[in-house]
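S.K.: Give the three-dimensional model of this entry:
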Amino acid sequence: MRLINQKWRGTYTLFKKEVLRFWRVAFQTVASPVLTALLYLLIFSHVLASHVQVYENVAYTAFLIPGLIMMSLLQNAFANSSSSLIQSKVMGNIVFILLTPLSYLQFYIALLAAAMIRGLFVGFVIYLVALFFVDLPIVHIGWILTFAVLGSALLGTFGIIAGIWADKFDQMAAFQNFVIMPLTFLSGVFYSIHSLPPFWQVVSKFNPFFYMIDGFRFGFFGKGDVSPWLSLMVVIGFLLGLAWVCLKMLKSGYKLRG
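M.R.: Model prediction:
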């Protein structure tokens, strides 16, 4: 048991360092996304609440909140792991982590766990704030927790891949602006895909972010655009695929060891 604890002490140390990294600037990493989600909620609920009916007996404001929670959760999980790697690479201190006896798997676990903590914490804070505006039901807590954990893990892994691939801050910004942002905004955060024309409904179903948000929303209302089991299979499939790619990149030292 002591040998096991010693083996994973480095993993815990790196994890703790990553958590402290975002917690020390919590005003930027936590308060800012919470405020952004709150502004989305106030603006869209005020403008569209009386004009949009998505699910029967579900107010638009209530419909909107799970989407905003998941969108913020995903974006912050991605931001934590990707920003950590790109900062270390640009500043040159990535070498101090690579010189440690940590295996590539331990490195992945530490970065991923910290990214998940940030994403889940931001999502939980948004949920608490949203309760001041609307009474949000919870029908299936299991589905909520499942998609929150899987979603944060998927985007945390995606962030590690992006951080490894990018060499400069502008490349990372382009990745966020042209990949992450469109996929999250066009995933049913503000609408049900059944309100779209048939062609765009089909296109939306190729977006993995749609399944994370729809499955998460199903946990609150017991209603969704697709079966939560289908969403679960898609999300797990993407997570396993990205995890495999990420571990391959870390094991080979791609763009990390020069």
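S.K.: Nearest the geometric middle of the protein, what residue?
M.R.: For the chain, the residue nearest the mean C-alpha position is Leu74 (1.8 Å; CA atoms, centre = their mean).
S.K.: Surely Gly151 touches Gln75?
M.R.: No - in terms of CB atoms under 8 Å, Gly151 does not count as a neighbour of Gln75; the distance is 10.6 Å. C-betas here are computed from N, CA, C, even on glycine.
S.K.: More neighbours: which of these two?
M.R.: Neighbours per residue (other CB atoms under 10 Å) separate Gly151 from Gln75, with Gly151 holding more: 28 against 21.
S.K.: Quick one, grab the pLDDT at that one.
M.R.: Per-residue confidence at Gly151 stands at 97 (pLDDT).
S.K.: where exactly do the helices run in the stretch 101-250 of the chain?
M.R.: For the stretch 101-250 of the chain, the helices defined by DSSP state H, counting those that start in this stretch cover 104-130, 141-165, 169-175, 181-185, 198-204, 208-221, 228-252.
S.K.: where does this protein have low pLDDT?
M.R.: Regions of the chain meeting the criterion pLDDT under 70 cover residues 1-6, 47-53, 258.
S.K.: Return the distance of whichever helix in it runs longest from the chain's centre.
M.R.: Scanning the chain for the helix with the most residues, using DSSP state H, yields helix 60-91. In terms of CA atoms, centre = their mean, to the nearest Å, the gap separating the centre of helix 60-91 from the centre of its chain is 5 Å.
S.K.: Just want the angle from it to helix 104-130.
M.R.: In this structure, helix 60-91 runs at an angle of 140 degrees to helix 104-130, with axes from the mean of the first three to the mean of the last three CA atoms, to 10 degrees as the basis.
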